[in-house]
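>>> need a 3D model of the following:
(4 chains)
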Protein chains: 2
Amino acid sequence: MDKRLTARDWIDFALATLAREGFDALKADLLARKLGVSRGSFYWHFSDLGQFHGRVIEHWRETATEAIIADLESYGAAVARLEVLLRRAFAHSAVLEVRMRAWADHNAEAARALAAIDRRRRDYIERLLIEAGIAAPLAATRAQLLYWAYLGAALSRSKLGGDRLDRTVAELMLIGLGDGARSPSRLAVPSQRRRLG
Amino acid sequence: MDKRLTARDWIDFALATLAREGFDALKADLLARKLGVSRGSFYWHFSDLGQFHGRVIEHWRETATEAIIADLESYGAAVARLEVLLRRAFAHSAVLEVRMRAWADHNAEAARALAAIDRRRRDYIERLLIEAGIAAPLAATRAQLLYWAYLGAALSRSKLGGDRLDRTVAELMLIGLGDGARSPSRLAVPSQRRRLG
DNA sequence: ACTCGTCAATACATGAGTGTATGGTACTAA
DNA sequence: TTAGTACCATACACTCATGTATTGACGAGT
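The predicted structure is shown next:
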């Protein structure tokens, strides 16, 4: 294998390492050893650790979502796209996702990138719901809920399969596309306008 | 203020610090300085950092959920309890929750504690749904979804209020208590039995 | 053949944090 | 009063990681 590395090599390796071991494995020392070079190489490509981390985060932000959305656009109707999206999202546990969120708890830049990605994804889901005929304000609330559910599942490292996945996706589709007129009598409507400090 | 500390003092202070600054502020050195004592005190109460962290996590696991659930039991019917629970959960952002999850990404013990807490809470929601008349298998899926939504909201540091909280809670109640018979024709049923590798 | 740019090794100074050993203080009980 | 117990300070040896400086290797262009 090659011995000469590029900045891109370091960044790619960092993302792989992040997924495997978490963000505190993202040190010049450790990475250099694993790459079979010395820290001299690292400090040639990057001015310091902070800048390196920034570039890793930036690269993730640029690539984490767009490819999936672009691919999805080939699936015809909004309803079909939504279902494919949900199945994919809940089928495999997104390790990198979890690691990034842990990292964001320590790193303002990661936190910002994450907020941007969250917004982007939620907006996309909202657009799908609107395309599927859900009224705008309702679509916003439901898109938020669907995305939160995804995050929660990702965060508890759940990867669904088989029947559980089927049932979950079915419920999720109901959450997104249900007409909201189902048996309102059974709900605790009177207290729904109460406020909490 | 007192100068002598107990192990419990250290643990309480650790949890407060965890909420404020994250888990890598949980070092003997830093905590001692902030408490106005030396590390000599720390190493008198705890054998090493690992053991200290274990006790912090353990204490959190023991107290994080039970008080809330116990308090909730005074709210009468299951439907009412569920709504109060949801309003509370989505009204304030749970910082400690987020920090713990970030910590769990580095610490196996924290990860185990978190898994236990997740299970406990999800089971409680499931019980509420069953008490409210939802059939057992459906209740399981929906409890999972409600709890995931909570986690997602907590993780994206959202704290809702006013109309948004009202609308969100209303939708959440529908997710939990809807009868599942609402306009199934609009859903992409045919593909719901597809499997993904 | 030479030299420039690119990438990497080595050596050094520094800092933050751990864990241990040992001694000190202060309350408590007989 | 004296001894013991519980808590804390100080000093030390050690590890890991950072960042900087200096030098080395090596291919490409002229």
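>>> all strands of chain A, in order?
Using DSSP state E, chain A contains no strands.
>>> any weak-confidence spans in it?
Applying pLDDT under 70 to chain A picks out residues A:1-2, A:179-197.
>>> in it, which residue sits closest to DNA strand C?
Residue nearest to DNA strand C within chain A: A:G40 (2.0 Å; C-beta to the nearest atom of the strand). Placement of C-beta: from N, CA and C, glycine included.
>>> now for A:K3: which residues touch it?
By C-beta atoms under 8 Å, 6 or more residues apart in numbering or on different chains, the residues touching A:K3 are A:G36, A:V37.
>>> next: A:R39.
Counted by C-beta under 8 Å, 6+ apart, A:R39 has contacts A:A28, A:D29, A:A32.
>>> and DNA strand D, which of the residues you listed contact it?
Checking the contacts of A:R39 against DNA strand D by C-beta under 7 Å from any atom of the strand, the ones in range are A:A28, A:D29.
>>> can you check which helix is longest in chain A?
If you go by DSSP state H, chain A has its longest helix at helix A:108-131.
>>> hmm, it in reach of chain B?
Yes: contact of helix A:108-131 with chain B (C-beta under 8 Å from any C-beta of the partner chain) involves A:A115, A:D118.
>>> circling back to that earlier point, what distance do you get for the residue of chain A closest to DNA strand C to chain B?
Distance of A:G40 to chain B, given as C-beta to the nearest C-beta, to the nearest Å: 28 Å.
>>> ok, A:L72 next?
A:L72 sits at a distance of 14 Å from chain B (criterion: C-beta to the nearest C-beta).
>>> I'd say that residue and A:R81 touch.
Yes: contact criterion C-beta atoms under 8 Å: A:L72 and A:R81 qualify, at 5.2 Å.
>>> these two: which has the busier surroundings?
Using other C-beta atoms under 10 Å in any protein chain shown, the more surrounded residue of A:L72 and A:R81 is A:R81, with 21 against 16.
>>> mind listing what that one touches?
Contacts of A:R81 by C-beta under 8 Å, 6+ apart are A:L72, A:E73, A:Y75, A:L128.
>>> change it to 6 Å
A:L72, A:Y75, A:L128 (C-beta atoms under 6 Å, 6 or more residues apart in numbering or on different chains).
>>> now do A:A132
Per C-beta under 6 Å, 6+ apart, neighbours of A:A132: A:A78, A:V79, A:L177.
>>> just the closest of these to A:F46, please.
Nearest to A:F46 out of these is A:A78 (C-beta to C-beta; 42.8 Å).
>>> give the buried residues for stretch A:107-124.
Burial within stretch A:107-124, assessed by neighbour count using 16 or more other C-beta atoms under 10 Å in any protein chain shown, is assigned to A:N107, A:E109, A:A110, A:A111, A:A113, A:L114, A:I117, A:D118, A:R121, A:R122, A:Y124.
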